[in-house]
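Asker: Coordinates only, no sequence provided:
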């Protein structure tokens, strides 16, 4: 009886926030524990520098505002990595300054830089649980959150001081806040929808696609609300879409206010930003044994990469949940059109018909919102001109909706198990439910743990794992982050003192930072060409095969002295000059 307060009521409330927060904290802790074994990708080095520059300007603003606000000083500080908005880089810099430089919470500067992205990743787990719990059941929310966090590619990118997981989280938050705003009403949720949209805009350019998700949803809500009114009240009545008004006003204001670069030349800098992404250069990527270095992109890229990288059980449950929600949506839509309050057939009666109609419409609205959230996020990757060089990271905003539909699929499987085992009760039924949840989450968690720190090399068992992905000619890595593994396995214990090392695809900033954090021996010297090196690294990608040949000529041998592997697949080859 003393523990009665722990019982969960039917209505989702504060206890559910504790569950969501607990899952988020566990995920962030997992990321922190594994962060030091993951090297620095090329982009991270740029974002580290930008973060330090931005936070330096904010500190100057506090100390000498008259100096900081001059156009020349603003442009000098904020031109660093101007192709991306400033929110996450500012948070990276704030975390670095407070938790590494000032309070010494983290010994590694990189961990302090990375922490905000990890926390935002945890927020996506929290939000996914709440969304699933409110839309369907708490079990759906638990399964959805667990499946989202145990996608190997999500886990890999969640470590990094980059924007791919943060925009996934902000995209999800925009969708969730609008859903809640239209469900609950009120000024608070309406304002929140505009603010969160502005934060999404300030995270990454993917957010400009969000209106394609949110506007149709608002239109459907307005249509169903109007249909539920008596005919006399419906005539000439058009609900004001206050969430869209809030986003149209507050979104740009937040976007502008948090990006000082726009303050000095709004039109010019905004045009440059838009043109940069509309005409983005095309990098190399391997797909099915072919190197792509320009359009047209293969339209099969996204579906094959989803099948090859998302745990199969998540896709199976997604299929079950999506088919169920799709069938239910069309059935409810047909029912709505036939209800007495619809299609001008007369007023709703006092027997609850209006409430029934509203309940029917809420299901349609949720299903459509999640479907649009997924489809809009992946849609551009079926266009021939969309670059695919980022692998799966550019469509991560689709994965929370995928996970939520998978959570619904889990609930349907659980319901089927209940029908198949009607005699189970009490502790036995609790054990059965727990066992089912474990059976669909343990394997993805194990896959994800096993993929680290080679998350870009790992593929799911349905395609043969990492080795199967290599045999299929799927991309093995990019950004040069695997030098960390080469250092821990060979360079640190075996490299000659003071040796020069050709670092291949690793940036100079990344190599220096790894030395500063004692991940790589400080006596080793990076060089930019095999001819200058005693040791040479090759991070294996299809378009870099020529690097092997250059090393063979320069070193007089074609036999690597050591090979870093994952499940037997070469990731980094290390050559030593004779």
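Answerer: Alright, I've got the coordinates. All values reported here derive from a predicted model rather than from experimental measurement.
Asker: any idea where the helices of the stretch 351-500 of the chain begin and end?
Answerer: For the stretch 351-500 of the chain, helices defined by DSSP state H, counting those that start in this stretch occupy the ranges 353-378, 399-420, 426-451, 465-471, 483-486, 492-494.
Asker: any chance of the ones you listed in a markdown table, plus distance to residue 15?
Answerer: All C-beta atoms are positioned from the backbone trio N, CA, C, and that covers glycine. What follows is the helices of the stretch 351-500 of the chain, written out as a markdown table (distance: least, CB to CB, whole Å):
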| stretch | distance to residue 15 |
| --- | --- |
| helix 353-378 | 22 |
| helix 399-420 | 18 |
| helix 426-451 | 18 |
| helix 465-471 | 39 |
| helix 483-486 | 41 |
| helix 492-494 | 48 |
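Asker: right, so of those, which gets closest to residue 56?
Answerer: Of all the helices of the stretch 351-500 of the chain, helix 483-486 sits nearest to residue 56, with 27.4 Å by CB to CB.
Asker: As CSV, the helices of the stretch 351-500 of the chain with mean neighbour count would be great.
Answerer: Shown next, in CSV, are these (neighbours: other CB atoms under 10 Å):
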stretch, mean neighbour count
helix 353-378, 20
helix 399-420, 23
helix 426-451, 15
helix 465-471, 19
helix 483-486, 24
helix 492-494, 12
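Asker: Quick one: closest of those to residue 148.
Answerer: Closest approach to residue 148 among the helices of the stretch 351-500 of the chain is made by helix 399-420 (3.9 Å; CB to CB).
Asker: Which stretches in the chain count as strands?
Answerer: Secondary structure of the chain (DSSP state E): strands located at 285-287, 290-292, 500-502, 525-527, 535-539, 562-566, 569-576.
Asker: which of those sits most buried?
Answerer: Mean neighbours per residue, mean count of other CB atoms under 10 Å, is largest over the strands of the chain for strand 535-539, with a mean of 26.
Asker: Partner strands of that one, with direction?
Answerer: As defined by DSSP bridges, the strand partners of strand 535-539 come to strand 500-502 (parallel), strand 569-576 (antiparallel).
Asker: Please find the angle between the direction vectors of the last one and strand 562-566.
Answerer: Our comparison of strand 569-576 with strand 562-566, counting by axes from the mean of the first three to the mean of the last three CA atoms, to 10 degrees, yields an angle of 160 degrees.
Asker: How far does strand 569-576 sit from its chain's centre?
Answerer: Distance, stretch centre to chain centre, for strand 569-576: 30 Å (CA atoms, centre = their mean, to the nearest Å).
Asker: can you tell me the average pLDDT over it?
Answerer: The predicted model assigns strand 569-576 a mean pLDDT of 98.
Asker: With stretch 280-299 instead?
Answerer: 93.
Asker: Could you list the low-pLDDT ranges of the stretch 1-150 of the chain?
Answerer: Low-confidence segments of the stretch 1-150 of the chain, defined by pLDDT under 70: 1-6.
Asker: Just the helices from it, written as ranges.
Answerer: Per DSSP H, counting those that start in this stretch, the stretch 1-150 of the chain carries helices over the ranges 14-34, 42-63, 65-68, 71-78, 87-95, 109-135, 138-149.
Asker: now for the strands paired with strand 535-539, which one comes closest to residue 285?
Answerer: When these are compared by CB to CB, strand 569-576 sits nearest residue 285, at 16.7 Å.
Asker: For that closest one, report the contacting residues that lie outside it.
Answerer: 454, 457, 466-467, 469-470, 476-477, 482-483, 485-486, 490-491, 530, 534-540, 548, 551, 555, 557, 559-565 (CB atoms under 8 Å, 6 or more residues apart in numbering).
Asker: Let's see that with 6 Å instead.
Answerer: Outside strand 569-576, the residues that touch it by CB atoms under 6 Å, 6 or more residues apart in numbering are 457, 466-467, 470, 482, 486, 490, 535-540, 551, 555, 560-564.
Asker: Same check on stretch 119-138?
Answerer: With CB under 6 Å, 6+ apart as the criterion, stretch 119-138 contacts 12, 16, 20-21, 23-24, 27-28, 140-141, 144-145, 148-149, 158, 165-166, 169, 172-173, 176, 366, 400, 403-404, 407-408, 411.
Asker: try 7 Å this time
Answerer: With CB atoms under 7 Å, 6 or more residues apart in numbering as the test, stretch 119-138 has contacts from 8, 12, 16, 19-21, 23-25, 27-28, 31, 140-142, 144-145, 148-149, 158, 165-166, 168-169, 172-173, 176, 366, 400, 403-404, 407-408, 411.
Asker: if we can go back for a sec, now the strands paired with strand 535-539 in a markdown table, with distance to residue 112?
Answerer: Converted to a markdown table, the strands paired with strand 535-539 look like this (distance: least, CB to CB, whole Å):
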| stretch | distance to residue 112 |
| --- | --- |
| strand 500-502 | 27 |
| strand 569-576 | 27 |
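Asker: out of the ones you listed, nearest to residue 374?
Answerer: It's strand 569-576; of the strands paired with strand 535-539, that one is closest to residue 374 (CB to CB) at 30.9 Å.
Asker: Domains in this structure, by residue range?
Answerer: Domain ranges of the chain: 11-404, 483-576, per automatic domain parsing.
Asker: right, and those domains - which one's nearest residue 447?
Answerer: Residue 447 sits nearest to domain 11-404 of all those, at 5.7 Å, using CB to CB.
Asker: measure the closest one end to end?
Answerer: 19 Å (CA to CA, to the nearest Å).
Asker: Low-confidence bits of the stretch 251-400 of the chain, can you list those?
Answerer: For the stretch 251-400 of the chain, the stretches flagged by pLDDT under 70 are 336-362.
Asker: swap the cut-off to 50 and go again
Answerer: 341-356, 358 (pLDDT under 50).
Asker: Distance of residue 324 relative to residue 408?
Answerer: 6 Å (CB to CB, to the nearest Å).
Asker: do residue 330 as well
Answerer: Where residue 408 is concerned, residue 330 sits at a distance of 16 Å (CB to CB).
Asker: likewise residue 319?
Answerer: 11 Å.
Asker: and residue 392, how many neighbours?
Answerer: 26 (other CB atoms under 10 Å).
Asker: Sketch out the helices for the stretch 201-350 of the chain, chain order is fine.
Answerer: Applying DSSP H, counting those that start in this stretch to the stretch 201-350 of the chain gives helices spanning 211-227, 231-234, 242-257, 261-264, 266-278, 301-309, 312-338.
Asker: For residue 40, find the nearest of these.
Answerer: Of all the helices of the stretch 201-350 of the chain, it is helix 301-309 that lies closest to residue 40, at 22.1 Å by CB to CB.
Asker: What are the contacting residues of that closest one?
Answerer: With contacts defined as CB under 7 Å, 6+ apart, helix 301-309 is touched by 152-153, 287, 315, 378, 381-382, 388, 391-392, 395, 459-460, 462-463, 469, 474.
Asker: how many other residues sit next to the closest residue to residue 375 other than its chain neighbours?
Answerer: Of all residues not flanking residue 375 in the chain, residue 398 sits nearest, at 7.9 Å (CB to CB, 6 or more residues apart in numbering). Residue 398 has 22 neighbours, counted by other CB under 10 Å.
Asker: Next: residue 300.
Answerer: 11.
Asker: how far away is residue 519 from residue 267?
Answerer: Distance, residue 519 to residue 267, using CB to CB: 44 Å.
Asker: Which one of the two is surrounded by more residues?
Answerer: For residue 519 versus residue 267, the count of surrounding residues by other CB under 10 Å is larger for residue 519: 22 against 8.
Asker: residue contacts, that one?
Answerer: Residue 519 neighbours (CB under 7 Å, 6+ apart): 484, 487.
Asker: Now do it, the pLDDT please.
Answerer: For residue 519, the predicted pLDDT is 97.
Asker: Apart from its chain neighbours, what residue comes closest to residue 16?
Answerer: Nearest to residue 16 is residue 133, by CB to CB, 6+ apart, at 5.6 Å.
Asker: One more: residue 55?
Answerer: Distances taken as CB to CB, 6+ apart place residue 93 nearest to residue 55, at 3.1 Å, with adjacent residues excluded.
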